[in-house]
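Asks: Next come a sequence and a model predicted from it.
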Amino acid sequence: MDLIELQRRLVAAARKDVPSDRVPYAFEKRIIAHLSARPALDRAAAWANALWRGLGPCVAIMLLFSAWSFFAGPAKAPVADLSQDLENTVFAAVDQDQPVDSVQ
């Protein structure tokens, strides 16, 4: 059977069936009661749920990188003093404003 013939038969069957005008007793009251019975969305609970679901992958990534840094061993290059680099960077602008000592 081709699709056009099937469509024609389905439309003819749908036209023969007349829908009823009768609505079940207290239908609208049941629907309103069902809608009002739904709890309101709790945004804090949604955030807490999302954060708890993200906890596992974050811990797994942390453990992976911790193991990688532990088993990789020390770097071949000498370790620089990061506190000294930070201090030099922060005070670079201050050092530029000071006048150079002139020889008299």
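Replies: Right, received. Where do you want to start? Numbering: from 1, shown residues only.
Asks: Show me where this protein has its strands.
Replies: Ranges of strands in the chain, per DSSP state E: none exist.
Asks: all helices for it, in order.
Replies: 3-16, 27-36, 43-72, 82-90, 92-97 (DSSP state H).
Asks: quick one: which of the ones you listed has the weakest pLDDT on average?
Replies: Confidence, taken as mean pLDDT, is least for helix 92-97 of these (a mean of 70).
Asks: Let me have the helices of the chain in CSV, extended by mean neighbour count.
Replies: Just so you know, the C-beta spots here come from the backbone N, C-alpha and C atoms, and that holds for glycine as well. Formatted as CSV, these follow (neighbours: other CB atoms under 10 Å):
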stretch, mean neighbour count
helix 3-16, 9
helix 27-36, 9
helix 43-72, 9
helix 82-90, 9
helix 92-97, 8
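Asks: Near Tyr25, how many other residues are there?
Replies: Tyr25 has 7 neighbours, counted by other CB atoms under 10 Å.
Asks: Let's see the pLDDT reported for it.
Replies: Predicted confidence (pLDDT) at Tyr25: the value is 86.
Asks: That one and Ala45, how far apart?
Replies: 37 Å (CB to CB, to the nearest Å).
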